[in-house]
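Trainee: Quick one, what's the 3D model for this:
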Amino acid sequence: MLRIGYALMLIAGAWLVGYFGFRMIRLLVTAPHIHPLMKGLILCAGAGIAITLCGLVIEKRREDKHAPGDNDED
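Mentor: Okay, here's the model as predicted:
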C-alpha cells in the first residue's frame, strides 16, 4: 500500500512540476518586453539546472546501489 501511495504522490508531484514548468516557459516565450537573446539565455540556464539536478539524483542512486554496507563508521 505504501508503494502505491508513494507512486501516486510522485506522479502528482511530477505532473505539477511539469505543468508549472510549461506555464513558466510559455509565459517567458510570449513576454513581449524581453529580448529574444535573454529568453534563450534564461531557457538555457533552466535546462542546465534541470540536467544538473537529474545527474545528481542519478549519481546518488548509483552510489547508494554500489555501497549498501558502507556507513562511514571507521
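Trainee: Remind me which helix or strand the most centrally placed residue in the chain belongs to.
Mentor: What sits nearest the mean C-alpha location of the chain, by Cα atoms, centre = their mean, is A50, with 4.8 Å. Assigned by DSSP states H and E, A50 belongs to helix 36-66.
Trainee: I'd like the mean pLDDT over that helix, please.
Mentor: Mean pLDDT, helix 36-66: 91.
Trainee: Run the chain-centre distance for it.
Mentor: 7 Å (Cα atoms, centre = their mean, to the nearest Å).
Trainee: buried set for that helix?
Mentor: Within helix 36-66, not a single residue qualifies as buried, counting by 16 or more other Cβ atoms under 10 Å. (Glycine included, C-beta is placed from N, CA and C.)
Trainee: likewise stretch 18-33?
Mentor: Per 16+ other Cβ under 10 Å, stretch 18-33 contains no buried residues.
Trainee: now that stretch: mean pLDDT?
Mentor: 93.
Trainee: which other residues reach that stretch?
Mentor: Applying Cβ atoms under 8 Å, 6 or more residues apart in numbering, the contact partners of stretch 18-33 are I34, K39, I42, L43, G46.
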